[in-house]
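Asks: structure, please.
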Amino acid sequence: MKRKQSFFCTILAILSGSTVWAGPPVPFLDDNEPGINYLFSGDPNTTEEGCHQFGERAGNGHSSLNHNELLDCDNWDFSPSEWGYAAFLQGAFVLGESPYSDDGGWECSGNQGPGKVNPCINSTVRGRATFKNTPPPGSGTAGAQPMDEAKDWVFSFDFRIEFPAGDTFGNDKLFEISSNRDVLKVRGANNIGPGLYSSFLPDGTSDRYVLVHGTGVELEETLTLIDVPLTEGKMTVHYKASNQRLDLWHNDTLLVADFQSIVANYLARAFQLGGGGASFENVLYDNAILGVVAESSGPMPGDANGDGVVDVADLGILGANFGMTDIVFSDGDFNGDNIVDVADLGILGANWTTTQGLSLSSALKSAGLSTLVPEPATVGFLGFGLVYLGRRRRK
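Replies: Numbers count the residues shown, from 1 in each chain. Next up, the predicted model:
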């Protein structure tokens, strides 16, 4: 019996060693919670007059449009949908072809480098949170609604950054999240002057950033180097109410875990993409969303990442934390007994989302592990088998 239990735990250990299975939670826009739903939509190939990079744009303080909104382009929508509002847009942006959606993304391209044609210098997007279909009561962060610190929230956006040939400066800032002050910033790793940061390191390495976060002392900042290139993909920040800490993800890779806010709260109400010092990158942003972690009357049993389904991503999270104590639901402790064990695996198996079309045997096959498990090998059978073995061991 112990041999069988070891056999199944070995499978879990192998699964937990792969980053394929785990991933960040996704933001969910709840009717009763504030958020931002900034999608940048329309037809990238429109021939409508006024929809071009040098079309007439609104200025600061315009009565009905966002700063820098195209005045004569009805086919491109650069305003948030239902949740949130645009506080600031900078750069001669257009709606470009996006690899992340069918209806385009916010694109600022055409830079030729410093001192030349720079319609996209310091291209910037700022969004503020509101409740659904609720106009902001004021301007700036004062008109934004904070997220609830008692609930997990998630901010994510898609991006692509390219630098003109000959550029050795790179990007000043990738993004930041704000409360009444900055919660966190991701900016260029190379400090080249007072308040000026470059994503090119002194040795010429490009696309390197640092996470600026807190130490536990109000407004005290510390830096964590993100030593991988960030050129495109999805950035995700997950606030975990259970321990009041943050996780930073790039696609399905957890870059920095359990870090603190710069300001002594997690009342996220605004974001900024880009901006900062004099940078000249070509950018595309898409699907900037701030919301809570998906849930109904409570977390779905087995849904560790809160995306509304129980699948291989949740199995990976459970596997990565198997046997650990002092752990929470989002780490795989589904029954709340303060440990991730076979009982939690049984809960995951019992709630496996079969409509995803991927059984455990299929997941193992894709990882080259199918020969380790006899058919039929569903997550449900594995889960309940382990629960049974765990109970037998305690007798």
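Asks: and the spatially closest residue to C51 that is not a sequence neighbour, what does it touch?
Replies: Nearest residue to C51, sequence neighbours excluded (C-beta to C-beta, 6 or more residues apart in numbering): C73, at 3.9 Å. C-beta here means a position set from N, CA and C on the backbone, and glycine is covered the same way. Shown in contact with C73 (C-beta atoms under 8 Å, 6 or more residues apart in numbering): T46, E48, G50, C51, G55.
Asks: what helix or strand does the residue nearest the centre of the chain sit in?
Replies: Nearest residue to the geometric centre of the chain (C-alpha atoms, centre = their mean): T236, 1.5 Å. Using DSSP states H and E, T236 sits in strand 232-240.
Asks: ok, back up a step: just the buried residues of the contacts of C73.
Replies: Buried members of the contacts of C73, scored by 16 or more other C-beta atoms under 10 Å, are T46, C51, G55.
Asks: can you report phi and psi for the last one?
Replies: According to degrees, to the nearest 10, the main-chain angles of G55 amount to phi -70, psi 160.
Asks: measure it to L201 for me?
Replies: Going from G55 to L201 by C-beta to C-beta, to the nearest Å gives 38 Å.
Asks: just the first one next, same as before
Replies: Spatial separation of T46 from L201 under the definition C-beta to C-beta is 40 Å.
Asks: swap in the second one?
Replies: As judged by C-beta to C-beta, C51 and L201 stand 39 Å apart.
Asks: got it, and G96?
Replies: Relative to L201, and taking C-beta to C-beta, G96 is found at 29 Å.
Asks: which one of those two has more residues nearby?
Replies: The neighbour comparison of G96 against L201 (other C-beta atoms under 10 Å) goes to G96, with 19 against 16.
Asks: list the residues that contact that one.
Replies: P44, G104, G105, W106, E107, S109, L284.
Asks: what bridges to it?
Replies: G105 (DSSP bridges).
Asks: rewinding a little: average pLDDT for whatever helix or strand comes next after the strand holding T236?
Replies: Next in sequence after strand 232-240, counting helices and strands by DSSP H and E, comes strand 245-250. If you average the pLDDT over strand 245-250, you get 97.
Asks: please apply the same query to stretch 113-128.
Replies: For stretch 113-128, the per-residue pLDDT averages 84.
Asks: pretty sure L95 contacts L39?
Replies: No - the pair L95 / L39 is not scored as a contact, 10.9 Å apart, by C-beta atoms under 8 Å.
Asks: thinking again about what came up before, what lies in contact with the strand holding T236?
Replies: 24-25, 99-100, 147, 149, 152-161, 174-175, 177, 184, 186, 245-251, 266, 268, 293, 328, 330.
Asks: what pairs with that strand, parallel or antiparallel?
Replies: Strand pairing (DSSP bridges) places strand 232-240 next to strand 153-162 (antiparallel), strand 245-250 (antiparallel).
Asks: what's the angle from the helix or strand following the last one to strand 245-250?
Replies: Which is strand 245-250. Going down the chain from strand 245-250, the next helix or strand is strand 253-259, by DSSP H and E. Strand 253-259 and strand 245-250 are oriented at 160 degrees to each other (axes from the mean of the first three to the mean of the last three C-alpha atoms, to 10 degrees).
Asks: many thanks, have a good one.
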